[in-house]
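**Q** give me a model of this one.
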Amino acid sequence: MAAQNSAALARIGIVTISDRASAGVYQDISGQAIIDTLNQYLSSPWQAEYRLIPDEQALIEQTLRELADDMGCCLIVTTGGTGPAKRDVTPEATEAVCDRMMPGFGELMRQQSLKFVPTAIISRQTAGLRGSCLIINLPGKPSAIRQCLDAVFPAVPYCIDLMDGPFLETNPAVISVFRPKPS
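**A** Residues are numbered from 1 along each chain as shown. Below you'll find the model as predicted:
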């Protein structure tokens, strides 16, 4: 098992990808929904590295690289740009910067979302690894953000452990995470 680095402050990237929110047409409530959810989940110290950017693939790729490589984020959670519209390019940007993809995350998020809306089948959420950073793409709707994070977050701390990242401790009254018992 990976060494536990409990003293490290976890840096987590929060990226809202929206042409209209980045232009000031409306407030970014999706990024705040991610921050609020992580504040409820995590009991260990963490710092949000927040970005609000338009749906431009090159800019999304640049932002993901900056957060993973320069800012040292162990986790990046994006919201927006996962639908079938022509400007929805978040999954393509994520795949372009990742070393390896983690398809189980997208599969589980769609399965969870289908319990609430039949249009979840057209969502293209994905996840992947860049170096020692896990990148997860979420949909843009705040209620769907929580539903998807509730589904996949139980695996996130252990995934970060396996990449020698910071030891993320959670509030068990809010979310139960899985870590194998030491043998």
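
**Q** going forward, measure contacts and count neighbours with C-alpha atoms only.
**A** Will do.

**Q** tell me the secondary structure at the residue positioned nearest the centre of the chain.
**A** What sits nearest the mean C-alpha location of the chain, by C-alpha atoms, centre = their mean, is V77, with 2.2 Å. Judged by DSSP: H, G, I helix; E, B strand; the rest coil, the three-state class of V77 is strand.

**Q** how near is it to L129?
**A** Per C-alpha to C-alpha, to the nearest Å, V77 is found 12 Å from L129.

**Q** what about the helices in this protein?
**A** With helices called from DSSP state H, the chain shows them at 19-22, 29-41, 57-65, 90-97, 103-113, 142-152, 156-162.

**Q** can you lay out the ones you listed as a markdown table showing mean neighbour count and mean pLDDT?
**A** Listed next are the helices of the chain as a markdown table, based on neighbours: other C-alpha atoms under 10 Å; pLDDT from 0 to 100:
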| stretch | mean neighbour count | mean pLDDT |
| --- | --- | --- |
| helix 19-22 | 16 | 95 |
| helix 29-41 | 19 | 98 |
| helix 57-65 | 19 | 98 |
| helix 90-97 | 20 | 98 |
| helix 103-113 | 19 | 97 |
| helix 142-152 | 19 | 96 |
| helix 156-162 | 19 | 97 |
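
**Q** include distance to I135 when you put those helices into CSV, please.
**A** Formatted as CSV, the helices of the chain follow (distance: least, C-alpha to C-alpha, whole Å):
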stretch, distance to I135
helix 19-22, 21
helix 29-41, 14
helix 57-65, 8
helix 90-97, 7
helix 103-113, 10
helix 142-152, 12
helix 156-162, 10
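
**Q** between the ones you listed, which gets nearest to G72?
**A** Judged by C-alpha to C-alpha, the one of these that comes nearest to G72 is helix 57-65, at 9.8 Å.

**Q** from the chain's centroid, how far away is the closest one?
**A** How far helix 57-65 lies from its chain's middle: 15 Å, per C-alpha atoms, centre = their mean, to the nearest Å.

**Q** which secondary structure elements does it contact?
**A** strand 46-53, helix 90-97 (3 or more C-alpha pairs under 8 Å, 6 or more residues apart in numbering; DSSP states H and E).
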